[in-house]
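Q: Have a look at this prediction, sequence included:
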There are 2 protein chains.
Amino acid sequence: MHEVTVSAPVNIACIKYWGKRNTKLILPTNSSLSVTLDQDHLRSTTTSRADQSFEEGDRLWLNGKEETVKEDGRLGVCIKELRNWRKIEEDKDSSLPKLSQWPLRVASYNNFPTAAGLASSASGLAALVASLAKLYSLPQSASQLSLIARQGSGSACRSLFGGFVAWREGSAEDGSDSLAEEVAPQSHWPEMHALICVVSDAKKGTSSTSGMQRTVETSTLLQHRLKIVPGRMDDISKAIQSKDFATFGEITMKDSNSFHSVCLDTSPPIFYLNDVSKSIIAVIEELNRSSGEIVAAYTFDAGPNAVIYALEKNMPKVLGVVNKFFPTSEESRDPFKTEAAELPEGFNVNVVREGGWEKGAVKSLIHTRVGDGPRTLGKEESLLGENGEPKVLA
Amino acid sequence: MHEVTVSAPVNIACIKYWGKRNTKLILPTNSSLSVTLDQDHLRSTTTSRADQSFEEGDRLWLNGKEETVKEDGRLGVCIKELRNWRKIEEDKDSSLPKLSQWPLRVASYNNFPTAAGLASSASGLAALVASLAKLYSLPQSASQLSLIARQGSGSACRSLFGGFVAWREGSAEDGSDSLAEEVAPQSHWPEMHALICVVSDAKKGTSSTSGMQRTVETSTLLQHRLKIVPGRMDDISKAIQSKDFATFGEITMKDSNSFHSVCLDTSPPIFYLNDVSKSIIAVIEELNRSSGEIVAAYTFDAGPNAVIYALEKNMPKVLGVVNKFFPTSEESRDPFKTEAAELPEGFNVNVVREGGWEKGAVKSLIHTRVGDGPRTLGKEESLLGENGEPKVLA
């Protein structure tokens, strides 16, 4: 049976991707850089099977719900390109089974709820691309595969690597140099931990796809941001190389704020941070101030959830302030069983409104850390039944 | 008796002042432009008296509470400069009483609560400068007086004029060309109305003085904003000349958003807009979209309160959406007794969270309009008793 099951990680950017210079090929207006999070905690798993006997062409299920694969849609384009690469191998070696001509069955599953506000499209697309590349025994490198994943969902290209990953904007018209590459592996700085704060939001925000396009079209400050990012990419890469958390954290916070600034400078303005998000920022800034050094760094994607990076040794401090001011309403996940520390001496509690936030303003916490790239799993992890349909349907 | 009572207006900027290039002289990093609001509704009143027989030097009361006048403080500098100008006149004409040598008694009163979040320092300083200029019979023009008011509180210089007022950043080292001038008088466009939405805020924000300095020191995007403002100054001035509300409104909203963007790009970031402010923005953007034209323009200073500019004929529409989604908890003021209109057809109510905001998220509304510059009032309006102390103490 020609089947492969792969899992791929979530990544959270420190230098944000916001704006496309080519919406069809998904070529960004600036390079970006992310930390890959541990698949032990957060992952998308995808099983891909090719079988000559399948009828009705390709079929695909996301979290047990069947999705239509449009030929010119993002998923369709990814599958088509990977098939083309398989075809090249088959033409070179006639002994290979003609998998490129066989219909596919693909099932994908995220182990984190959509409500967690994490970009499931990045890990999902990365798992799809990695599973098909494995199924087709493609010789392409992860960077080459990232060219395909990028066209499925921009930031998915970064989930093809573990550790610390750069997506180079590139300059080629056809996007052939707009790819992801490793800045440093997970093993270089395994002490890098992350705390995801899932923030309640009464209103659904602007989608990142339409939001970033509006920013490109209307923000006057974006052009200036684009001039600033290259320097930040260099500086944060060096900080990662030398394990300089203070610089890493400072740039991460600045770039998150810069990204949300250009959102606000968009017409009509886009707001992803809500009052709880802003309060988390104030608490982390005060934690750093009262600690006399940068021990934690917040970053926010296109939504109100915070991701707080900190070294493992400083996570008790982070949990100390987060637990104190943002009591959660739902179960949190901490595989490290970290004990919260007391507030640092001199911490000014007035940075948060009196009494802190009501229970559930932050719904739950997920404590995780830097992780590795896509993993090939055993047959027992397959999401597909014998008949080529998902074992678990929605 | 040598005494004068003057009232001066509040002004609300459409092109925001944010950043000083010289903190001592209060020279701004960019020009700004404001609408002067009607003193019939919002004003600071100041009585200044000079009397040879006063003991203990100068004394000053703000809202009935005595303030210390430090010689090198902002108030002290303003009084000293105006005295110097009086001295020049006395030297030219020996028949003039030597008011420049006599102690002063000054009482100032705002007819709007500090809690309204309006910048009382602008109208207050303007009233002080205008009253002393009148008391001293100074020959200086309002623009020349604005050089003094500017040193008391930057945006105060704009409150020395009615109508539409520009504060030119100037280029001279000594600040001699950083002054206010009229772009158009009140009578040019009296249909310009404003609705102030007083928004509740759980947390006291960053003061504008310290906030703008932090932006100058840490924001990377500010430098780009400074390049954008001159074009906006030209464009909004033309829009005012030609009474083109759509352009006036568009620039006003963009510049407010640009100002709050650079606040967010500051390190640590500064947030003045809260979730209610953002919701007001969403409602006004949707009002404009569903109306098929820009009928209203929001702007926010260093706090969560909105000021919504609209032509008189469109105020019913503005009140319609504001009343619907932001029920107030305290008495509002509408001297025009404007009736709220229905929502425009096609208005998407989903821009606000379901059910709208709880009562009091916007505390109260003040409906006003463009107004004139400082007014000299009659003796019966004096705030000082015979003894040179305020008639009403705090």
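A: Perfect, I can see it now. Residues are numbered from 1 along each chain as shown, chains lettered A, B, ... in the order given.
Q: hey, where'd the helices end up in the stretch 251-394 of chain A?
A: For the stretch 251-394 of chain A, the helices defined by DSSP state H, counting those that start in this stretch cover A:275-291, A:315-325.
Q: Let me have those in JSON lines, extended by mean pLDDT, distance to chain B and mean neighbour count.
A: Using the backbone N, CA and C atoms, a C-beta is placed for each residue, glycine as well. Output for these, formatted as JSON lines (pLDDT from 0 to 100; distance: least, Cβ to the nearest Cβ, whole Å; neighbours: other Cβ atoms under 10 Å in any protein chain shown):
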{"stretch": "helix A:275-291", "mean pLDDT": "97", "distance to chain B": "4", "mean neighbour count": "22"}
{"stretch": "helix A:315-325", "mean pLDDT": "97", "distance to chain B": "13", "mean neighbour count": "21"}
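Q: do you know how far the residue in the stretch 51-200 of chain A positioned nearest to chain B is from A:K363?
A: Chain B sits closest to A:S200 of the stretch 51-200 of chain A, with a gap of 11.5 Å, by Cβ to the nearest Cβ. In this view, A:S200 and A:K363 are 5 Å apart by Cβ to Cβ, to the nearest Å.
Q: Looking at the two, which is more packed in?
A: A:K363 (22 against 17; other Cβ atoms under 10 Å in any protein chain shown).
Q: Also compute the angle for whichever helix or strand A:K227 is part of relative to helix B:222-241, please.
A: Taking DSSP states H and E as the criterion, A:K227 maps to helix A:222-241. On the basis of axes from the mean of the first three to the mean of the last three Cα atoms, to 10 degrees, helix A:222-241 is oriented at 160 degrees to helix B:222-241.
Q: Run through who's touching helix A:222-241.
A: A:14-15, A:18-19, A:29-31, A:33, A:164, A:166, A:183-184, A:188-189, A:215-216, A:244-245, A:247-248, A:251-252, A:254-255, A:258-259, A:261-262, A:265, B:220-221, B:223-224 (Cβ atoms under 8 Å, 6 or more residues apart in numbering or on different chains).
Q: list the buried ones in that helix?
A: Residues A:222, A:224-226, A:228-229, A:232-233, A:235-237, A:239-240 are the ones in helix A:222-241 that count as buried (16 or more other Cβ atoms under 10 Å in any protein chain shown).
Q: Just confirm A:A122 contacts A:V165, I think it does.
A: No - using Cβ atoms under 8 Å as the test, A:A122 is too far from A:V165 to be in contact (11.0 Å).
Q: joint contacts of the two?
A: Common neighbours of A:A122 and A:V165 (Cβ under 8 Å, 6+ apart) are A:N11, A:R158.
Q: re earlier: out of the helices of the stretch 251-394 of chain A, flag the one nearest B:H2.
A: helix A:275-291 (51.0 Å; Cβ to Cβ).
Q: Check the offset of the closest one from the chain's centre.
A: Relative to its parent chain, helix A:275-291 has a centroid offset of 23 Å by Cα atoms, centre = their mean, to the nearest Å.
Q: Kindly report the same for stretch A:153-166.
A: Relative to the chain's own centre, stretch A:153-166 is displaced by 7 Å; criterion: Cα atoms, centre = their mean.
Q: Quick one: mean pLDDT over it.
A: Mean per-residue pLDDT for stretch A:153-166: 97.
Q: what about that stretch, start to end distance?
A: Distance across stretch A:153-166, first residue to last, is 15 Å (Cα to Cα, to the nearest Å).
Q: How about stretch A:85-102?
A: Stretch A:85-102 stretches 14 Å from its first residue to its last (Cα to Cα).
Q: Show me which positions of that stretch end up buried.
A: Buried-residue list, stretch A:85-102, by 16+ other Cβ under 10 Å: A:W85, A:R86, A:E89, A:E90, A:L99, A:S100, A:W102.
Q: mean confidence score for that stretch?
A: 97.
Q: For A:Q101, which non-adjacent residue is closest in space?
A: A:Q52 (7.9 Å; Cβ to Cβ, 6 or more residues apart in numbering or on different chains).
Q: What residues does chain A have near chain B?
A: A:202-203, A:220-221, A:223-225, A:228, A:250, A:253-254, A:257-258, A:260-262, A:264-269, A:271, A:273-275, A:278, A:281-282, A:285, A:353-354 (Cβ under 8 Å from any Cβ of the partner chain).
Q: What does the pLDDT read for the residue of the stretch 51-200 of chain A closest to chain B?
A: 78.
Q: what sits against it?
A: A:V276, A:P304, A:G360, A:A361, A:V362, A:K363.
Q: ok, so of those residues, who is nearest chain B?
A: Nearest to chain B among those: A:V276, at 9.0 Å, using Cβ to the nearest Cβ.
Q: Output stretch A:200-216 in CSV with nothing but the alpha carbons.
A: Only the C-alpha atoms of stretch A:200-216 are listed here, as CSV (Å, rounded to 0.1, in the frame of the first residue of the first chain):
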residue,chain,number,x,y,z
SER,A,200,-11.4,35.5,24.4
ASP,A,201,-12.6,37.7,21.7
ALA,A,202,-16.2,38.9,21.3
LYS,A,203,-15.7,39.8,17.6
LYS,A,204,-14.2,37.9,14.7
GLY,A,205,-11.4,39.9,13.3
THR,A,206,-10.3,40.6,9.7
SER,A,207,-8.8,37.6,8.0
SER,A,208,-5.1,37.8,7.5
THR,A,209,-5.4,37.3,3.7
SER,A,210,-7.7,40.3,3.2
GLY,A,211,-6.1,42.3,6.0
MET,A,212,-2.6,42.2,4.6
GLN,A,213,-3.8,43.1,1.2
ARG,A,214,-5.6,46.2,2.5
THR,A,215,-2.4,47.2,4.3
VAL,A,216,-0.4,46.9,1.1
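Q: What residues of that stretch count as buried?
A: Those would be A:S200, A:D201, A:K203, A:G205, A:T206, A:S208, A:G211, A:M212, A:R214, A:T215, A:V216, for stretch A:200-216 by 16+ other Cβ under 10 Å.
Q: What residue, apart from its backbone neighbours, is nearest the fifth one spatially?
A: When the adjacent residues along the chain are set aside, A:T206 lies closest to A:I270, with 4.9 Å between them (Cβ to Cβ, 6+ apart).
Q: Distance-wise, check that neighbour relative to A:S208.
A: In terms of Cβ to Cβ, A:I270 sits 10 Å off from A:S208.
Q: cool, A:F245 as well?
A: In terms of Cβ to Cβ, A:F245 sits 28 Å off from A:S208.
Q: Repeat that for A:P316.
A: With distances taken as Cβ to Cβ, A:P316 is found 33 Å from A:S208.
Q: repeat for A:G19
A: For A:G19, the distance to A:S208 - Cβ to Cβ - is 10 Å.
Q: remind me which residues of the stretch 151-300 of chain A are low pLDDT?
A: For the stretch 151-300 of chain A, residues meeting the criterion pLDDT under 70 lie at A:202-203.
Q: Kindly report the same for the stretch 1-150 of chain A.
A: Those would be A:114-117, if you go by pLDDT under 70 across the stretch 1-150 of chain A.
Q: where exactly do the strands run in it?
A: A:2-9, A:11-15, A:20-22, A:27-28, A:32-36, A:43-50, A:59-62, A:65-67, A:104-110 (DSSP state E, counting those that start in this stretch).
Q: So which elements touch the third one?
A: Going back to what we said before, that points to strand A:20-22. strand A:27-28, helix A:208-218 (3 or more Cβ pairs under 8 Å, 6 or more residues apart in numbering or on different chains; DSSP states H and E).
Q: List of residues touching it?
A: So strand A:20-22 is contacted by A:I26, A:L27, A:P28, A:T29, A:G154, A:E169, A:G175, A:M212, A:Q213, A:V216 (Cβ under 8 Å, 6+ apart).
Q: run the last query once more with 10 Å
A: A:26-30, A:154, A:169-171, A:173-175, A:178, A:209, A:212-213, A:216, A:226 (Cβ atoms under 10 Å, 6 or more residues apart in numbering or on different chains).
Q: quick one: that strand to chain centroid distance?
A: For strand A:20-22, the distance to the chain centre is 19 Å (Cα atoms, centre = their mean).
Q: Same question for stretch A:368-387.
A: 17 Å.
Q: residues near A:K243, how many?
A: A:K243 - counted by other Cβ under 10 Å - has 14 other residues nearby.
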